[in-house]
Every structure is written in C-alpha cells, then in structure tokens.
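>>> okay, here's the prediction I keep looking at, along with the sequence it came from:
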Amino acid sequence: MQLAELAQAGRAPSLPLTLQLEGESLQLERLLRVLPGQRYVGLAQWRGRAVLAKLLVGGKAERHFQRELAGARLLAERGLTTPALLAEGHVAGQGGWLLFDFLDGAESLWDAWRAVEREPLLSDGQQAVLGEALGAIGQLHSQGLWQADLHLDNLLRQGGRLYLIDGGGIQAETPGQPLSRHRVLENLGVFFAQLPAELTPFTEELLVHYLLANAEHALPLEALLAEVAKVRQWRLRDYLKKIGRDCSLFAARINAFGLRVVRRERQAELTPVLDAPDDAIASGHLLKDGGTATVALLQAEGQALVLKRYNIKGWLHWLTRFWRPSRAWHSWVEGNRLELLGIATPRPLAVLERRWCGLRGRAYLLTEHCAGESLSARFAAHVDGTPPEAELQGLDRLFAALIRERISHGDFKGSNLFWVDGQWSLIDLDAMHQHGSQAAFARAFARDRARFLRNWPAESALHRLLDQRLPRL
C-alpha cells in the first residue's frame, strides 16, 4: 500500500498492513491513535526493529509533517530526553512519515496518575507523578520551548527516565533562552487546569517541583490561578461541543429521524443494545417502571449497564416534549460535564432519541451501573447516631465540588447518591444545572440542601448533625 491509499482507509484499516516508503517496507502492526484520512500513529516493524510510526496523509499532510519534524528536532537539539528520530520523509501528493525509536514497556504519566488519583489529596504517590511532570515541563521551558498540547499522556516513563513526545505540539520562543514569564504562566495554566480542581489549594506547593528545574521567573500565584480558571472554562466548553458530534471520542449519527451518540471505544460492544433498546429493556432486570421512565439493568460483554428509557405518556405529554432537548440528552450532557469536572457519576456511554422529521419522541440513556449502596440505605442505621466519618467527609467533598462549580442537582433524595470506591456518586441527572450566576445558584443550592435534609426526620440526630455540617450560601 502507498501512503496516498492510506488516506482512504478510514478509521480502522485492516492490520497488519505493509506500506512502501521510498522503496522500503514498513509493516504497521497496531494503531495507537487515528485521525481518519489525516494521521495514523502506531507500532510498526522497519528494518527488523520496532518503531513508532507517525504517518501523515491528506490535504494537510505536508504542513503537519513539517510541524512534527520541526518539533522533534527542537527537542533533540536542546538536549531534552525524547525518543530518537530514526527516519523521516515526505512525498508530494501522498504524505509524510516520521519513525521514532519505540519505547517498549513505557508508561505514560497519565496511566501513572490514574493509579494514584483515588489516594488522599497530594499523597506521596500523587506528588511523585505530578512532581516528575512539572520537572520535565520546567526543563522544557528553560530551553525556550513549550508544549502547546500539554497533558500527562505526552510524558512517557521508561527505565527511570522521562521522555517528552509529540513534536507536533512543540513550539519555540527563543531556543536556548528561558521562556518568558507570560508563556510560562499560559503553559502551566494548561497543565494545572487538567488536574482535579480539589488540588487547587496545593498549586503553590506543587509549583516548587517546577521551580527546581526552572527558577528564571517569580510566578505570581494569583496570575497562575487566573490562567488555570480560564483554561478550565475553555476545556469544558470544548468538550461539551464534542459530545454531540462525530469525533475521535464519540461516534455520532444525527438526522431528522433520530439521534445516536456513543463512546467510540465502546461502539462495537454496545451496538446490539443500541439497535434494539426496547428488547434490551425487556430482557433485562427491571429497576423502575414508572410512567415517565423505565429503567433496566443489563449485561453486555460481562459488564453491568443501566438503560433508561424516557417514555412519552400520550399526545398531550408529547406536545410538551417534542420541541426541546430530551431528558436523555440533558442527562447525557450533565453526566459528561460531571465526568470532566471530576465529580463522580456513572459514566454515560450512549444516548438515543427517536425523531420524526425532527420532532422528538422516546429517548434512551445508557450508562455504566452504579454498583454501590444508596445514601438512604447506608445511613438508615445511623438516623439516631453518627455515620462513618469517611462517608461524612465524602459529603463534605461532594458539596464543596458542587458549590465550586455552581451545580445544582434538582432532586437530592437519598436514592440518588451511591457510595462507590470511597466517594458519593450522583445519579438521575435529569434536573441538574450548572448556573451562570451566583444568585441563581444560591437559590437552587438552598432547595437542594433542604431536599437533602428531608431524607431524615427533622427531630433526628442525623438531621441535626448534617444541618450543622453542610455548608450554607
């Protein structure tokens, strides 16, 4: 196969495949990242050795190739630890390629972070991962470079060394001279914005790891936190745009007769459920069969899932629903919002809407199953006493997060919170809302707080304890 043919191979070309690059064979064995018709990155065999191949095709191939090549060379020229560039080339009208030394057994710092993210805030394990990342960023900045696409997946750890990868995102101010303070603050804002917001109070402490590698500038904490807040808002807006369109994260099919969006990495296994959702509900274990919603527990590929169908009770009910986004879509948006913000909720997997000439009917939401125990059940034995401190602290963290993000739930009853993996997870997001103004949020939060406390008799010891403990606005 020639590079020009690869541009027509779509998202999942048949592997292994052999490419001819200026008379030499490259056998692509496994794809790691795909941007259909533009970029294919994967493990390949070349001259009898394993390489990481970046194959750039399509109309923008030459521009992307030059950017990748320039970034890889900048990293190497400034003496930064990066995989060796073994070969590169470009053929006009076909595309370009860059072949790097493959770091066998390397672990990204993102994977390392996921192993420690549930530990207590700024545990030794968390500090080790973040400190390693900030040290590498400091070294990069000390050489006048920055990574525009800065995230933990672009830092690979192998054999006690940390490698900077992805030359396409490397940019330079003045190579060899420390980066300006303005650029440093911008780039660190991108990094810290991707960390859990609960770590914000520890930003100054974490910054020490960066300053040990690059102490060129005094970095005002207030200015850095302003950058972090700005990037967080942008990331949320950008992500919420992606959840309704076809992209690398989601497979979407939207037209006048239906909407169907599913997480791309789960598309193959979930297709049978999505093709016949009513059959899946009928064969599943019914959890709720109300007038406006039917909920069933399913098994797919050995995993427990929950499928919720939002019913239309009749034509009068339909008249109130057909013209606006369905409750399934609203829950899909809010579930993805919570996931990005680091607030626990069962992961939303897919959403369906039945439509006729654009007019909405039944809708469905598919999520992971929340396997924990509800707040009502866990606190039932403590109505006249005190629940475990870990679970009370979990409520403290949950309410703090909702206040920080100005999010109201809208139906804060005990059956909508579940204790899972040491934290409270929220379900039933039909009425959830992120407020634009503090005044509107304060009113909604007061209603949430009052509804939450009504889970227990007003004269009970538990009600009094929580009323004293929960924040007020």
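That came in fine, so what should we check first? From a predicted model like this one, the values you see are computed outputs, not experimental measurements.

>>> chain center to the strand or helix carrying residue 299: distance?
Using DSSP states H and E, the element containing residue 299 is strand 293-300. Counting by CA atoms, centre = their mean, to the nearest Å, strand 293-300 is centred 25 Å from the centre of its parent chain.

>>> would you put the C-alpha positions of that strand in PDB?
What follows is strand 293-300, C-alpha atoms only, in PDB (Å, rounded to 0.1, in the frame of the first residue of the first chain):
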ATOM      1  CA  ALA A 293     -39.200   6.500  32.800                       C
ATOM      2  CA  THR A 294     -38.400   2.800  32.600                       C
ATOM      3  CA  VAL A 295     -35.000   1.600  33.900                       C
ATOM      4  CA  ALA A 296     -33.400  -1.800  33.400                       C
ATOM      5  CA  LEU A 297     -30.100  -3.400  34.500                       C
ATOM      6  CA  LEU A 298     -28.400  -5.100  31.500                       C
ATOM      7  CA  GLN A 299     -25.300  -7.300  31.000                       C
ATOM      8  CA  ALA A 300     -23.100  -6.500  27.900                       C
END
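
>>> pairing partners for that strand, with directions?
Paired with strand 293-300 in the same sheet, following DSSP bridges, are strand 285-289 (antiparallel), strand 303-310 (antiparallel).

>>> and residue 42, how far from residue 336?
Taken as CB to CB, to the nearest Å, the spacing of residue 42 relative to residue 336 amounts to 28 Å. The way it works is simple: take the backbone N, C-alpha and C, and place the C-beta from them, glycine included.

>>> ok, back up a step: buried stuff in the strand holding residue 299?
293-296, 298, 300 (16 or more other CB atoms under 10 Å).

>>> between residue 42 and residue 336, who's got more neighbours?
More crowded of residue 42 and residue 336, by other CB atoms under 10 Å: residue 336, with 23 against 19.

>>> nearest spatial neighbour of the more buried one, skipping sequence neighbours?
residue 243 (4.9 Å; CB to CB, 6 or more residues apart in numbering).

>>> what about that neighbour, how many neighbours?
By other CB under 10 Å, the residues close to residue 243 number 22.

>>> do the same with residue 238
Residues contacting residue 238 under the criterion other CB under 10 Å number 10.

>>> same check, this time on the one 3 residues further on
Burial measure for residue 241: 10 neighbouring residues, criterion other CB under 10 Å.

>>> now residue 394
By other CB under 10 Å, the burial measure for residue 394, its neighbour count, is 20.

>>> in space, what's closest to it - neighbours in sequence excluded?
In space, and not counting its chain neighbours, residue 394 is closest to residue 424: 4.9 Å by CB to CB, 6+ apart.

>>> only alpha carbons, please: show the host helix or strand of that neighbour as CSV.
Assigned by DSSP H and E, residue 424 belongs to strand 423-426. Presented in CSV, the C-alpha positions along strand 423-426 are these (Å, rounded to 0.1, in the frame of the first residue of the first chain):
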residue,chain,number,x,y,z
GLN,A,423,-16.9,8.7,47.3
TRP,A,424,-20.5,9.6,46.7
SER,A,425,-21.7,9.2,43.1
LEU,A,426,-24.6,11.1,41.7
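
>>> so in that sheet, which strands flank it, and in what orientation?
strand 417-420 (antiparallel).

>>> for the strand or helix carrying residue 73, packing partners?
Counting by DSSP H and E, the element that carries residue 73 is helix 61-77. Here helix 61-77 is seen to pack against strand 49-57, strand 85-91, strand 95-101, strand 170-172 when contacts are counted using 3 or more CB pairs under 8 Å, 6 or more residues apart in numbering; DSSP states H and E.

>>> and the longest helix seen in the chain, how far out from the chain's middle?
Determined from DSSP state H, the single longest helix within the chain is helix 221-242. In this view, helix 221-242 has its centroid 14 Å away from the chain centroid, taken as CA atoms, centre = their mean.

>>> what's it packed up against?
For helix 221-242, the helices and strands in contact under the criterion 3+ CB pairs under 8 Å, 6+ apart are helix 181-193, helix 203-213, helix 327-341.

>>> and the following helix or strand past the longest one with helix 327-341, angle?
When you say that, I think you mean helix 327-341. Next along the chain after helix 327-341, taking DSSP H and E as the criterion, comes strand 348-356. The directions of strand 348-356 and helix 327-341 differ by 150 degrees, with axes from the mean of the first three to the mean of the last three CA atoms, to 10 degrees as the criterion.
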